[in-house]
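Engineer: I'll drop the sequence and a predicted model, then ask my questions.
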Amino acid sequence: MDLTPTLPIPISYVSGRYLLFSIDAVTYLRREHNICGVLIGTLPQIPQQNVFLGLPLELTPEEARLLVDKGVACIVDEAKAQLGMKSLLEEDCRRYLHDLEAQGLGVMRVQSDRKEQQREQTLKKIEAKKAKAKASKASAAAAPADAATTTSTSTTASHKDTPSAVVDLFAADERNTLSPNSRTSSSRTTASQPTMGITPATSYPPLSHPVSSSSSAPLLPAPTVPESYALFAHLHSRGYFLSPGLRFGCQYVAYPGDPLRFHSHFLVVSAEWDQEIDLMDVIIGGRLGTGVKKGFLLGGSEKSIDEVETEAERVDSVRTFSIEWAGM
């Protein structure tokens, strides 16, 4: 099944953040354009989730700018786009709500089937225990006559101490709880419950897809990026995956492949072409990179962002230097 989204992909601009709400767009950009971003959302059913986050995916300004420069994506003012929801036809709204309800019923059906399988497994275990008990009784009956008499006497004595009604009631309760009749009643109860609510991950559709700047969608210009964008674009063009480097005290962390499969190779720090660099900063970066088994990569562009006209010119104007400590 082809999951390639329609290009250009709309990147939602919300409160100064660049967000992606479509899982198809997220997987496509990661697979085809080495764009990972950072997941910042939680699942509706797990509000306390704090290990593996979900949609939306937040992009850095550099990632959003790179996609816009390549013509893969465009920036949409989400606040103004949501105002367009008021102009939807009543039939479109009804169809959209019907689709959400159908998804909720599907989720409930899956959960009901899972519970039914658990009940059947429990019934099988109970039947297996009963068969094992019958087998043990049969083997006890085949024992010598004196052993059988002793067993019968001890069993009678134990029944005098423990009322048989307690055992019978417990067994009856166990059977009634897992009987087919109770399963039928429970399924009726499940059917009578309200439909599970589904929180949509994207507003496209029913919002129209902004395919070009001439459309009615509120498109925004390319994001403003720092001077380090030239180094970011240069490494990206060499096939590296880049993620924010705050946890390592740098600007970016460069991976030779998908971060789910590879460890990073470089701690990346950008510098302007004529910028004076303190030698201690170079030593600190090199020792830090070597300590975490990475290279310290320092680089910059010969030209500023305003002086570059094409993406190829920006990439070619960058020079990089890798610093490592040997013998550590």
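Structural biologist: It's in.
Engineer: quick one, strands of this structure?
Structural biologist: Along the chain, counting by DSSP state E, strands occupy 9-14, 17-20, 38-41, 54-59, 73-77, 219-220, 241-244, 252-255, 266-270, 295-301, 318-323.
Engineer: in the sheet, which strands lie alongside the fourth one, parallel or antiparallel?
Structural biologist: Under the criterion DSSP bridges, strand 54-59 sits next to strand 17-20 (antiparallel), strand 38-41 (antiparallel) in its sheet.
Engineer: what comes into contact with the last one?
Structural biologist: It refers to strand 38-41. Residues outside strand 38-41 that contact it (Cβ atoms under 8 Å, 6 or more residues apart in numbering): 52-58, 243-244. All C-beta atoms are positioned from the backbone trio N, CA, C, and that covers glycine.
Engineer: okay, these in a markdown table with pLDDT and distance to Asp113 next?
Structural biologist: Below are the contacts of strand 38-41 laid out as a markdown table (pLDDT from 0 to 100; distance: Cβ to Cβ, whole Å):
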| residue | pLDDT | distance to Asp113 |
| --- | --- | --- |
| Phe52 | 75 | 26 |
| Leu53 | 81 | 29 |
| Gly54 | 81 | 24 |
| Leu55 | 84 | 26 |
| Pro56 | 89 | 31 |
| Leu57 | 93 | 32 |
| Glu58 | 95 | 36 |
| Ser243 | 95 | 40 |
| Pro244 | 93 | 42 |
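Engineer: what bridges to Ser243?
Structural biologist: Assigned bridge partners for Ser243, using DSSP bridges, are Val253.
Engineer: grab the nearest non-local neighbour of the spatially most central residue of the chain.
Structural biologist: The residue lying closest to the centre of the chain (Cα atoms, centre = their mean) is Gly54, at 4.0 Å. Among residues not flanking Gly54 along the chain, Gly41 sits closest, at 4.6 Å (Cβ to Cβ, 6 or more residues apart in numbering).
Engineer: give me every residue that touches Val280.
Structural biologist: Just so we're on the same page, residue 280 is Met rather than Val. Applying Cβ under 8 Å, 6+ apart, no residues qualify as near Met280.
Engineer: give me the below-cutoff pLDDT ranges for the chain.
Structural biologist: Residues of the chain meeting the criterion pLDDT under 70: 1-3, 43-51, 84-89, 143-217, 306, 308-309, 327-328.
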